[in-house]
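Asker: task: produce atomic coordinates for the following.
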Amino acid sequence: MASPMSESTERREAPAPASPAARVLIVDDQRNMRTTTALVLRQAGYDVAEAESGEAALSRLLAEPFDVVLTDLKMAPLDGIAVLRGALEIAPTTQVIVMTGYGTVESAVAAMQQGAHDYLSKPFKEEELLVRVQRALEKRKLLVDVGLFSDEFRRRYKLEELVGRSAPMRELLTKVVRIAPTEVTVLITGESGTGKELIARAIHANSRRAARPFVPVNCAAISESLLESELFGHVKGAFTGAVKLRRGLLEEAGGGTFFFDEISETTPAFQAKLLRVIQEHEIRRVGDNASIPVDVRVLAATNQDLRQAIADKRFREDLFYRLNVVPLVLPPLRDRREDVALLAQHFVDRFNQRNGTRRTLTHGALLKLTAHSFPGNVRELENVIEQAAALARADSIGADDVFLERHGDPASAPGAAGGPVKTLAEQVDGAERDAIQRALARCGGSLEQVSRELDVSTTTLWRKMKRLGLRRD
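Answerer: Reported below is the predicted structural model:
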């Protein structure tokens, strides 16, 4: 078989891939090289995809995960360095091997200095290719295991619902696993829809209290008087309607974990009683003078700035410090965009399981999702996917099936002077579109020249052009 690779003079058994499901993306604008390399890897048991350009490679990386990327260095308009940067930005644990056919070690070394795992000089032997790919997979496995991304790790620590492979999620899950076996009080903060209760459940599931109850209470949904009765219980005759003694939820949760969601919505008077629970491990039923010991671990969450609430005299400072022993901050979805595609696929899979369907997301739908800021965070993304999957006219969910609201867009407000008012994001997009269009015209469509002129990476430039619907011509 004619091949750009040199033939090995001594045929030895090729090393087996680290995992039969390992996925490799080959990026080369030379079809013969791409096809031959893919054939060798497929024969070795790898799941291989091909991309004929840097733009196609970034589209594939945005839409689906890969373990290893093999990319040629010399391509236009996006070269192998742009693919390398994009891969590291989209999926930090993906290992990149650069291929160069020009005999210059300098360019390959420069690529490794920018984060490439290894390089191959064309022509290369089949055995050399397989060994380099296997080593890249071994390195990725180490990173994945440490980064808490492996399926085995997630099953072991009951983290299946916490989907994500971004750096913020890696840091968060590392803390969850470390603090879960302890008895420390945890304060979970983050915007609405980021998954604060999921984190609380994960802490409970990995604690010594896992066999006992996990009791969540939304403090914003219950009035102060009812909240106190629900949590602490009451004695007969404590108030109108208290016809018998009732145990509170804190007693019922004995030995388990109690989760106070939206803790900032409680009153200072209730906060004083909660402080006693944490400090003294005891409660007093409504209408009773005697204290009752309780054994619960307290977790709390809020989407508010408690330090500002303290300054406004709405939250007790002593309770804050009792709750904030270990603070966990959940990142908003806009700060972990590389997780959007994973989360979207997770929600599609769950929809299919519940409804017996076979819905799939197209690349266009994924690109549209990753470009959205998601003010409602993961909860908004889940609702968007549920709606798209339910209303899609075919099993393939396309970009037109994905409906994204423009939060805070006053364009339809009646009586707006001078016509529709654009949001700040729309005005920024318009300015970026104009700047890129003018630079493209000046630079004759050269993305490298435009990136230098605008002082952005070619990867960032390409992604902005995709989001804004711009073409090189």
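Asker: in the helix or strand hosting residue 33, what counts as buried?
Answerer: Secondary structure from DSSP states H and E places residue 33 in helix 31-43. Buried residues in helix 31-43, counted by 16 or more other Cβ atoms under 10 Å: 33-34, 36-38, 40-41. C-betas here are computed from N, CA, C, even on glycine.
Asker: any chance of these in TSV, plus pLDDT and distance to residue 305?
Answerer: As requested, those are exported to TSV (pLDDT from 0 to 100; distance: Cβ to Cβ, whole Å):
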residue	pLDDT	distance to residue 305
33	91	55
34	91	52
36	93	58
37	93	53
38	93	52
40	94	56
41	93	51
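Asker: between those, which is closest to residue 110?
Answerer: residue 33 (21.3 Å; Cβ to Cβ).
Asker: sec struct for the closest residue to residue 41 other than its chain neighbours, please.
Answerer: Nearest non-adjacent residue to residue 41, counting by Cβ to Cβ, 6 or more residues apart in numbering: residue 48, 4.9 Å away. For residue 48, the assignment made with DSSP: H, G, I helix; E, B strand; the rest coil gives strand.
Asker: show me the beta-bridge partners of residue 48.
Answerer: residue 24 (DSSP bridges).
Asker: same question for residue 188.
Answerer: residue 301, residue 328.
Asker: confidence score at it?
Answerer: For residue 188, the model assigns a pLDDT of 96.
Asker: that one contacts residue 199, doesn't it?
Answerer: Yes: counting by Cβ atoms under 8 Å, residue 188 does reach residue 199; the two are 5.4 Å apart.
Asker: common neighbours of those two, please.
Answerer: Shared contacts of residue 188 and residue 199 (Cβ atoms under 8 Å, 6 or more residues apart in numbering): 328, 330.
Asker: more crowded one of those two?
Answerer: residue 188 (28 against 25; other Cβ atoms under 10 Å).
Asker: which helix in the chain has the most residues?
Answerer: Ordering each helix of the chain by length in residues (DSSP state H) puts helix 126-146 first.
Asker: report the rounded mean pLDDT for it.
Answerer: For helix 126-146, the mean per-residue pLDDT is 81.
Asker: mind giving me the domain ranges of the chain?
Answerer: Domain segmentation of the chain under automatic domain parsing yields 23-146, 153-331, 336-401, 424-468.
Asker: and stretch 206-217, end to end?
Answerer: Using Cα to Cα, to the nearest Å, the end-to-end distance of stretch 206-217 comes out at 20 Å.
Asker: which ones are touching the residue nearest to the spatial centre of the chain?
Answerer: The chain has residue 339 as the residue nearest its centroid, 3.0 Å off, counting by Cα atoms, centre = their mean. Shown in contact with residue 339 (Cβ under 8 Å, 6+ apart): 163-166, 169, 333.
Asker: any idea how far residue 238 is from residue 59?
Answerer: 65 Å (Cβ to Cβ, to the nearest Å).
Asker: looking at those two, which one has more neighbours?
Answerer: Neighbours were counted for residue 238 and for residue 59 using other Cβ under 10 Å; residue 59 has more, 19 against 16.
Asker: quick one: the more buried one from residue 397, how far?
Answerer: 17 Å.
Asker: any idea how far the closest residue to residue 56 other than its chain neighbours lies from residue 283?
Answerer: Counting by Cβ to Cβ, 6+ apart, residue 56 lies nearest to residue 27, which is 7.7 Å off, once chain neighbours are set aside. Separation of residue 27 from residue 283 (Cβ to Cβ) stands at 62 Å.
Asker: those two: who's more crowded?
Answerer: Neighbours were counted for residue 27 and for residue 283 using other Cβ under 10 Å; residue 27 has more, 29 against 21.
Asker: now the closest residue to residue 22 other than its chain neighbours. Its backbone dihedrals?
Answerer: Computed as Cβ to Cβ, 6+ apart, the closest residue to residue 22 that is not its neighbour in sequence is residue 67, at 4.8 Å. Torsion angles at residue 67 (phi, psi; degrees, to the nearest 10) stand at phi -80, psi -40.
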